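> predicted model, plus sequence, below.
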Amino acid sequence: MRTSIILMSLATLLVVVGCETIGGAGRDLSSVGQAVSAEAENVQEDM
C-alpha cells in the first residue's frame, strides 16, 4: 500500500513538472512567432 502511494505521488509530480515544461516551451515558441511576425511586417512596410 505504501509503495503504491509513493509511486502515485511520483507519477503525479512528473505529470505536473511535464505540464510546466510544456507550458514554458509553448510560451517560448509563441514569443518567437511574435518576433517573426513583427519582422515580417517590418519587411513588408519597407517594400
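Cool, got the structure. Nothing here was measured: the structure is a model prediction, and the numbers come from that model.
> sticking with Ile22, tell me its helix or strand.
Ile22 is part of helix 2-46, with elements assigned from DSSP states H and E.
> so which elements touch that helix?
The contact analysis (3 or more C-beta pairs under 8 Å, 6 or more residues apart in numbering; DSSP states H and E) places helix 2-46 against no helix or strand. Where you see a C-beta, it was placed from the backbone N, CA and C, and this is true even at glycine.
> quick check: mean pLDDT across it?
Mean per-residue pLDDT for helix 2-46: 84.
> and it, how far out from the chain middle?
0 Å (C-alpha atoms, centre = their mean, to the nearest Å).
> please apply the same query to stretch 38-47.
With C-alpha atoms, centre = their mean, you get 28 Å for stretch 38-47.
> export that stretch as PDB, just CAs?
The C-alpha trace of stretch 38-47 is given here as PDB (Å, rounded to 0.1, in the frame of the first residue of the first chain):
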ATOM      1  CA  ALA A  38       6.900  41.600 -36.300                       C
ATOM      2  CA  GLU A  39       9.900  41.300 -38.500                       C
ATOM      3  CA  ALA A  40       7.800  40.200 -41.500                       C
ATOM      4  CA  GLU A  41       5.600  43.200 -41.000                       C
ATOM      5  CA  ASN A  42       8.700  45.500 -40.900                       C
ATOM      6  CA  VAL A  43       9.900  44.000 -44.200                       C
ATOM      7  CA  GLN A  44       6.500  44.400 -45.800                       C
ATOM      8  CA  GLU A  45       6.400  48.100 -44.800                       C
ATOM      9  CA  ASP A  46       9.900  48.700 -46.200                       C
ATOM     10  CA  MET A  47       8.900  47.200 -49.600                       C
END
